[in-house]
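J.: what's the 3D shape of this:
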Amino acid sequence: MTNSRIVFHSLLIVSAFSLVGCGDSGVGDVKQWMEETKRQTKISIPKLPEPKIFTPFLYGGKADVDPYSPSKLLIALAKSKAQSGTGIRAPDQDRRREPLEGYPLDSLKMVGTLEKPGLQYALLQADKTLFQAKIGNYVGQNFGIITGVSETAVEVKEIVQDASGDWVERKATLELQEKSK
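T.: Coordinates of the predicted model:
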């Protein structure tokens, strides 16, 4: 093949492809269908609902006392304390602590008693240390005070705060711990 024939065939192929691109290829039918559908379709836009009528609220509590003011809360707490009527005062936080107040009450053990003329002492063990305690001594970490000593038990009155912050009394007993052989 010569150069002129190759050029001729190439031009012939290029022109054939360009003619194929000029054809309708069914697009005309689609355009006609779309125009017909546009004419037949009715556009319906729903109406917007009427806006709700706003009625302003007139606040009348502006002159009232603020419910969260500290003074009002203090008055309410004072009333609730007056109604509870426990009458127990808070323990003295500034007094000098006694050695047995450094231990929780449940870690103390009564191991015996001592009697002196007119006075009975309880022997209380904390860890490996032995203490003498009498009526009026403080024990435990909840402001406990010994109210009674007998040969078999030590009566203790503790002063603790309840959930509302009031001081209440609760009684506890340390019983004699006898060694088993």
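J.: how many residues are close by the residue nearest to residue 141 when sequence neighbours are not counted?
T.: The shortest distance from residue 141 to any non-neighbouring residue, by C-beta to C-beta, 6 or more residues apart in numbering, is to residue 104 (5.5 Å). Every C-beta, even on glycine, is put in place using the N, C-alpha and C of the backbone. Residue 104 has 11 neighbours, counted by other C-beta atoms under 10 Å.
J.: what sits against residue 136?
T.: Counting by C-beta atoms under 8 Å, 6 or more residues apart in numbering, residue 136 touches 145-146.
J.: please begin residue numbering at 55 from this point
T.: Okay, residue one is now 55; in that scheme the one you just asked about reads as residue 190.
J.: residue 173 pairs with what?
T.: Beta-bridge pairing for residue 173 (DSSP bridges): residue 170.
J.: this protein: strands as residue ranges?
T.: Assigned by DSSP state E, the chain shows strands spanning 163-170, 173-180, 183-187, 192-193, 198-203, 207-215, 221-229.
J.: ok, residue 209 touching residue 201?
T.: Yes. Assessed by C-beta atoms under 8 Å, residue 209 is found in contact with residue 201 at 4.8 Å.
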